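# Take a look and give me a structure for this.
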Amino acid sequence: MKSYNHGDVILVEFVFSEGTESKQRPALVLSVDDYHKNRQELILAAITSNIDRRLIGDTKLENWKKVGLLYPSLVTAIIRTIKKDMVSRKLGRLSDKDLQSVEKNLKKVLGFHSRAK
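Below you'll find the predicted structure:
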């Protein structure tokens, strides 16, 4: 089985939240190597080309072409866990700058920020 790393952009069969249909979609691997060692799953953030609908936690990618995406794209704050065997293929890897922006925006949404004491 192939391995995937934090920051990889992959193509995966995403089931819509209604649970009725699915579609091949790009996604960003959020989980890290230590998580992958003993699990069959990946934690992902969905990627969309609908850049006009930017919501809290979403990150517009600057280097979307270099990662293998066909259109300008956003990494969304829509997070899913999937089995590794649901991955069709790896498209590429986010630039360090884009990955740092995604991490910063997701921390805000998930409440993973420093709190002053």
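
# State the phi and psi torsions of the residue nearest the centre of the chain.
Geometric centre of the chain, nearest residue: residue 28, 2.3 Å, by CA atoms, centre = their mean. Here is the backbone geometry of residue 28 (degrees, to the nearest 10): phi -100, psi 130.

# Please read off the pLDDT at it from the model.
Here the pLDDT value assigned to residue 28 is 98.

# again, but for the one 10 residues further on
At residue 38, the pLDDT value in this model is 89.

# For residue 31, see how far away it is.
Computed with CB to CB, to the nearest Å, the distance linking residue 38 and residue 31 is 12 Å. All C-beta atoms are positioned from the backbone trio N, CA, C, and that covers glycine.

# So between those two, which is more surrounded?
A side-by-side neighbour count of residue 38 and residue 31, using other CB atoms under 10 Å, places residue 31 first with 16 against 6.

# and that one, that's in a strand?
No. With DSSP: H, G, I helix; E, B strand; the rest coil as the criterion, residue 31 is located in coil rather than a strand.

# what helix or strand is residue 99 on?
Assigning secondary structure by DSSP states H and E places residue 99 in helix 96-110.

# Can you list the buried residues in that helix?
Buried residues in helix 96-110, counted by 16 or more other CB atoms under 10 Å: 98, 99, 101, 102, 105, 106.
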